[in-house]
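Colleague: Turn this into a structure:
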Amino acid sequence: MGFEKGNQEWKKRKTKSPGRPPRRIEEKYRKWLLARVKKSDWDRIVDVAISRAMSGDNHARQWLSDWCLGKPIERQEHDVASEVSVTLRYGEEQADD
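Modeller: From the prediction side, this is the model:
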């Protein structure tokens, strides 16, 4: 959603911005990293994360759940003095119910 210039109300935009494209150096390092980290390396990393999560490591548990389940969307509804309901969303956007 965005505030359209010259309009005094919030409305949904027709297009969504894809965001900033990756810089060349970011893309270069991403390709380099993908070439260096083999599947067997990732298998060991995930095994260690699982072991640590099972032992109570919150960071390992969070990392695993973010990758397996995705980051949750936080919804907060607030009633303003003029009785306008506002919904704030953080994370990936999902369809409304």
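Colleague: where do the strands sit along this structure?
Modeller: Using DSSP state E, the strands assigned to the chain run over residues 2-3, 10-11, 74-79, 85-90.
Colleague: which one of those strands has the lowest average pLDDT?
Modeller: For those, mean pLDDT drops lowest on strand 2-3, to a mean of 52.
Colleague: got any ranges where the chain has weak pLDDT?
Modeller: Along the chain, the parts satisfying pLDDT under 70 run over 1-16, 74-88, 90-97.
Colleague: need the longest helix for it.
Modeller: In the chain, taking DSSP state H as the definition, the longest helix is helix 39-54.
Colleague: so what does that one touch, helix or strand wise?
Modeller: Packed against helix 39-54 by the contact rule (3 or more CB pairs under 8 Å, 6 or more residues apart in numbering; DSSP states H and E) you find helix 58-69. All C-beta atoms are positioned from the backbone trio N, CA, C, and that covers glycine.
Colleague: Please identify the buried residues of the helix it packs on?
Modeller: 60-61, 63-64 (16 or more other CB atoms under 10 Å).
Colleague: Kindly report the same for stretch 24-41.
Modeller: For stretch 24-41, using 16+ other CB under 10 Å, no residue counts as buried.
Colleague: Over to stretch 37-54?
Modeller: Buried residues in stretch 37-54 (16+ other CB under 10 Å): 49, 52-53.
Colleague: can you list those residues in a markdown table and add distance to residue 25?
Modeller: Formatted as a markdown table, these follow (distance: CB to CB, whole Å):
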| residue | distance to residue 25 |
| --- | --- |
| 49 | 28 |
| 52 | 32 |
| 53 | 33 |
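Colleague: And those residues, which is closest to residue 26?
Modeller: Within the buried residues of stretch 37-54, the smallest distance to residue 26 is 24.2 Å, found for residue 49 (CB to CB).
Colleague: Okay, the closest one and residue 29: tell me how far apart.
Modeller: 22 Å (CB to CB, to the nearest Å).
Colleague: same thing with residue 60?
Modeller: 24 Å.
Colleague: same check, this time on residue 67
Modeller: 20 Å.
Colleague: Same check on residue 19?
Modeller: Distance, residue 19 to residue 29, using CB to CB: 18 Å.
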